[in-house]
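just a sequence and a predicted model for now, questions to come.
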Amino acid sequence: MTVDRISLTIPIELGVQAREAARARGESLSAWITQAVESRLRNQFLGDAVTAYENEFGAFTAQEMEKADALIQRASRRHVS
């Protein structure tokens with residue numbers, strides 16, 4: 001795997017929390033941060049897709065949002081279990 005070696009500057013407490021979270025999962029800090037960046041990018045791309053959809057078809061209705069919230073809640077419960 002080819003990697004991009006980068007240097008980050010973050011608040012001390014955030015660094016401490018990230019190291020603790022990585023250690024708790026038995027992961028390296030690099031792996032943990034990589035997963036965090038992947039998650040952030042997925043969320044950004046999803047937000048961009050929702051915006052593009054709404055620009056083309058109009059805003060989601062309250063009923064559509066409620067249905068989506070229910071689906072997310074069910075998926076979250078399955079993921080945690």
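Thanks, I have the structure now. Numbering: from 1, shown residues only.

CA atoms for contacts and neighbours, from now on please.
Will do.

what's the longest helix in this protein?
helix 29-57 (DSSP state H).

report the mean confidence score over that one.
Taken as a whole, helix 29-57 has an average pLDDT of 97.

how much space separates residue 75 from residue 63?
19 Å (Cα to Cα, to the nearest Å).

would you mind measuring from the residue lying closest to residue 33 once chain neighbours are set aside to residue 4?
Closest residue to residue 33 apart from its sequence neighbours, by Cα to Cα, 6 or more residues apart in numbering: residue 18 at 7.9 Å. Distance, residue 18 to residue 4, by Cα to Cα: 20 Å.

more crowded one of these two?
residue 18 (17 against 5; other Cα atoms under 10 Å).

wouldn't that one be in contact with residue 29 here?
Yes: counting by Cα atoms under 8 Å, residue 18 does reach residue 29; the two are 7.1 Å apart.

okay, now residue 46: neighbour count?
12.

revised request: answer the last question for residue 20.
Residue 20 has 14 nearby residues by other Cα under 10 Å.

and it, what helix or strand is that in?
For residue 20, the host element (DSSP states H and E) is helix 12-24.

may I see the buried residues of that helix?
Going by neighbour count (16 or more other Cα atoms under 10 Å), the buried part of helix 12-24 is 18-19, 22.

confidence score at residue 79?
On the pLDDT scale, residue 79 gets 69.
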